[in-house]
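Asker: Could you look at this predicted model? Sequence included:
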Amino acid sequence: MAKIIVRNLTKRYGDAVALDNISLEIGSGEFLVLLGPSGCGKTTLLRCLAGLETPDTGQIFLGEKKVFDGESKINIAPGKREVGMVFQSYALWPHLTVRDNLKFGLDVLNIPIKKANARLDKVLSDVGLSKFADRYPSELSGGQQQRVALARLLATEPNIFLMDEPLSNLDARLRMDMRVELKRFQAETNATTVYVTHDQTEAMTMSTQVVVMNNGKIEQVSAPQDLYRYPETTFVADFVGMPRINLIKLKEDSSNGTRYGNGEVSIDLGWSPGIREIVIGARPEDLILSQGDEAMGEEYEITAVMPNGPETFVQLARGNTAVLARADNDTKFKTSDIVHVGYNPKSINIYDTQTNSLVPYRGPK
Ligand SMILES: Nc1ncnc2c1ncn2[C@@H]1O[C@H](COP(=O)(O)OP(=O)(O)OP(=O)(O)O)[C@@H](O)[C@H]1O
Ligand SMILES: [Mg+2]
């Protein structure tokens, strides 16, 4: 199977730098998700891999093959890169039926007719479109058309899948089903996959590795669990996680260096990061709410209670410092209640305000 290596890739559009010296190694069989805000360069990177966009500098290897080199002017044509692509806009041939749209891709590959037909039946059934094989694209819904585009990719059985938000036109339930289907398919074929999405759940559930991009640069490359638990920068901390992480800027408050505050809230970290100014990153589940005699931490006022299925999110304020906490779905807390808020020192992250990067935990185990 194929691995992908990207070295010092830069792509400019006029003065704008869409990719800024990107280097990345993607292992064979990896399911890598590109995540990041709109305009950060995800589609550009995918199009460069596919050969649809010519980078200004850098190198790209797909498998053993060097497909792009800015210096020696190597630039292999898209059709010769042996990659399968599905993009945000899925161009289907309007004058061909679903089956013929799929067949078109296989004809190009010179696959014998009997084998091709068996494969088409299988992928059509995989994407739930067996009944629609003889329809034309204009007779299908947006979501169905998207599934045809996906089936067309799957049918060619490429070594490398490049997918740009392939599920964005599907409704929530179908999206779930297709995620499972895609993940199964990828595991079966072990095709190296680069997958672009805005959808964090999709990124977290499908990937083996996530790359977070920002402004044409890579912010972090991590397994999904680590990305959530140890965001390396405040940007990643803020971007990853729904609802958002609580980021609070604090100054050293006491001489022993474990207590930090902002004049409204004061938090004992339980260890000393040795920096005057920090930002703490506390996920809603890292806040511990309590009332009554055993209560721990400072008092906050509840400003909103938001039930969300299995959990309830509680918005709290102390002065101008607002935070969001997660409580059980049967919580008794109500708006205007006063509750004590504790911060779990072992699960919150500390960032240096000078560098915006994570200060590794050095407190008690
Ligand atoms: N053909 C082009 N001409 C000029 N600028 C472009 C072109 N294509 C992309 N850009 C710019 O390059 C930057 C990266 O765009 P890209 O499409 O890669 O973003 P993206 O991360 O895929 O965003 P989205 O999540 O909105 O799809 C953007 O600032 C965009 O405006
Ligand atoms: Mg895009």
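Answerer: Thanks, I have it. Every value quoted in this text rests on a predicted model; they were computed, and no experiment measured them. Ligands and ions are numbered 1, 2, ... in the order given.
Asker: Only C-alpha atoms from now on, for both contacts and neighbour counts.
Answerer: Will do.
Asker: I'd like to know how far residue 19 sits from ligand 1.
Answerer: Residue 19 sits 7 Å away from ligand 1 when distances are taken as Cα to the nearest ligand atom, to the nearest Å.
Asker: An error on my part: the question was meant for residue 261.
Answerer: Going from residue 261 to ligand 1 by Cα to the nearest ligand atom gives 37 Å.
Asker: And for residue 336?
Answerer: Relative to ligand 1, residue 336 is positioned 39 Å away (Cα to the nearest ligand atom).
Asker: again, but for residue 184
Answerer: Residue 184 sits at a distance of 25 Å from ligand 1 (criterion: Cα to the nearest ligand atom).
Asker: element containing that residue?
Answerer: Residue 184 is part of helix 172-189, with elements assigned from DSSP states H and E.
Asker: can you check residue 273 too?
Answerer: Once you assign secondary structure using DSSP H and E, residue 273 falls outside every helix and strand.
Asker: likewise residue 227?
Answerer: Counting by DSSP H and E, residue 227 is part of helix 224-229.
Asker: Check what pLDDT the residue of the chain positioned farthest from its centre gets.
Answerer: For the chain, the C-alpha farthest from the mean C-alpha position belongs to residue 293; by Cα atoms, centre = their mean, that distance is 42.6 Å. At residue 293 the predicted local distance difference test score is 81.
Asker: Nearest to ligand 1: which residue in the stretch 251-365 of the chain?
Answerer: Residue of the stretch 251-365 of the chain nearest ligand 1, by Cα to the nearest ligand atom: residue 356 (22.1 Å).
Asker: List the residues that contact that residue.
Answerer: By Cα atoms under 8 Å, 6 or more residues apart in numbering, the contact set of residue 356 is 233-235.
Asker: Kindly recompute the last result at 10 Å.
Answerer: By Cα atoms under 10 Å, 6 or more residues apart in numbering, residue 356 lies in contact with 232-235, 278-279, 350.
Asker: do the same with residue 7
Answerer: With contacts defined as Cα under 10 Å, 6+ apart, residue 7 is in contact with 21-25, 57-61, 69.
Asker: hang on, the earlier thing: and the contacts of residue 356 near ligand 1, which?
Answerer: With Cα under 6 Å from any ligand atom as the criterion, no member of the contacts of residue 356 is in contact with ligand 1.
Asker: between those residues, which has the most around it?
Answerer: With neighbours taken as other Cα atoms under 10 Å, the top of the contacts of residue 356 is residue 350, carrying 27 neighbours.
Asker: Having no further points to raise, I will conclude here.
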